[in-house]
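Asker: could you work out the structure for the sequence below:
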Amino acid sequence: MQLPKNKKIYFASDQHFGAPTPEMSFPREQHFVMWLDEVKVDAEAIFLLGDLFDFWFEYKTVVPKGFVRVLGKLAEIRDSGIPIYFFVGNHDLWMSDYFEKELNIPVYHDNKEFIFGNKTFLIGHGDGKGPGDKGYKRMKKVFTAPFSKWLYRWLHPDVGMKLAQYLSVKNKLISGDADVKFLGEENEWLVLYAKRKLETKHYNYFIFGHRHLPMKISVGENSEYVNLGDWIGYFTYGVFDGENFELKEYKN
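Answerer: Numbering: from 1, shown residues only. Down below sits the predicted model:
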């Protein structure tokens, strides 16, 4: 992707809309829609790196109730010709083809490489990467198995949604949420993951979410790990102008 003059690429992650309740989440949804309205003016592309919803499950004919303003704004932006890319997180890992069919937004279930100008990016949500967190990694394999999804669809949506929303908040093993305190570079799993990837291929930027902590850390020569933070406590996002990547806070 070549970036035209005065155009930018925007990144955001971990909005967790619907948590802890739809009513308490609603002001954050409005805030995020305002941000989308602002960035669409000069956006060449928008990347959403997972956990847009605190829970999402697609039955064959049913999707979760709510989030109309967010989904409508994404549809408007995409219909205007601006590409949007979505990476599933650990809270919306059961996303299927709804975004692709209804919004024309591609959905990725793992990391993906991109080249913007002369800069190389590795982009993803970040859950289950790096050393450690073996309990969650085992749980993720169970949850993403086709049989598990088939079995869950037999629950009535009213029951399935209520159960999953409860577990997404209460059970940290299932949700995969990490300790939001900074663990130090030597213990941050995604930092270690980035450094390991650099042993076989160079990337200018590793862009992830999941940790809920905005951070930008050098992991090698001309290579940085960036965590986008979240839209719960930080309201941070990333922006790339073709040469430099910045983390910013949306204060409007």
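Asker: what about Glu243, which helix or strand?
Answerer: Per DSSP states H and E, Glu243 falls between elements, in no helix or strand.
Asker: and for Glu246?
Answerer: Under the criterion of DSSP H and E, Glu246 resides in strand 245-249.
Asker: average pLDDT for the longest helix seen in the chain?
Answerer: Secondary structure of the chain per DSSP state H: the longest helix is helix 22-39. In this model, helix 22-39 carries a mean pLDDT of 95.
Asker: now swap in stretch 228-239 and tell me
Answerer: On average, stretch 228-239 scores 96.
Asker: what's it in contact with?
Answerer: Contacting residues not belonging to stretch 228-239 are listed as 8-16, 28, 31-32, 35, 39, 49, 207-209, 212-215, 226, 245-251 [C-beta atoms under 8 Å, 6 or more residues apart in numbering]. To be clear about C-beta, it is placed using only N, CA and C from the backbone, and glycine gets the same treatment.
Asker: check which residues of it are buried.
Answerer: By neighbour count on 16 or more other C-beta atoms under 10 Å, the buried set for stretch 228-239 is 228-232, 234-239.
Asker: and that stretch, end to end?
Answerer: End-to-end span of stretch 228-239 (C-alpha to C-alpha, to the nearest Å): 10 Å.
Asker: Asn252 - how many residues pack around it?
Answerer: Neighbours of Asn252 under the rule other C-beta atoms under 10 Å: 8.
Asker: before we move on, back to that, chain center to the strand holding Glu246, what's the gap?
Answerer: 16 Å (C-alpha atoms, centre = their mean, to the nearest Å).
Asker: show me what that strand is packed against.
Answerer: strand 214-220, strand 223-228, strand 236-240 (3 or more C-beta pairs under 8 Å, 6 or more residues apart in numbering; DSSP states H and E).
Asker: now with 6 Å?
Answerer: Other helices and strands packing on strand 245-249, by 3 or more C-beta pairs under 6 Å, 6 or more residues apart in numbering; DSSP states H and E, are strand 236-240.
Asker: shaky segments in the chain?
Answerer: Judged by pLDDT under 70, the chain has its weakly predicted residues at 132-145, 160, 164-179.
Asker: what's the distance between Leu192 and Tyr59?
Answerer: Distance, Leu192 to Tyr59, by C-beta to C-beta, to the nearest Å: 38 Å.
Asker: for the two, indicate the residue with more neighbours.
Answerer: Of the pair Leu192 and Tyr59, Leu192 is the one with more neighbours under other C-beta under 10 Å, namely 18 against 15.
Asker: wait, is Pro4 part of a helix?
Answerer: No - under DSSP: H, G, I helix; E, B strand; the rest coil, Pro4 falls outside any helix and is assigned coil.
Asker: which residue is the nearest non-sequential neighbour of it?
Answerer: Excluding the flanking residues, the one nearest Pro4 by C-beta to C-beta, 6 or more residues apart in numbering is Glu44, at 6.7 Å.
Asker: contacts for the one helix or strand that neighbour maps to next, please.
Answerer: If you go by DSSP H and E, Glu44 is part of strand 43-48. Residues outside strand 43-48 that contact it (C-beta atoms under 6 Å, 6 or more residues apart in numbering): 3, 7, 9-12, 82-86.
Asker: great, nothing more from me.
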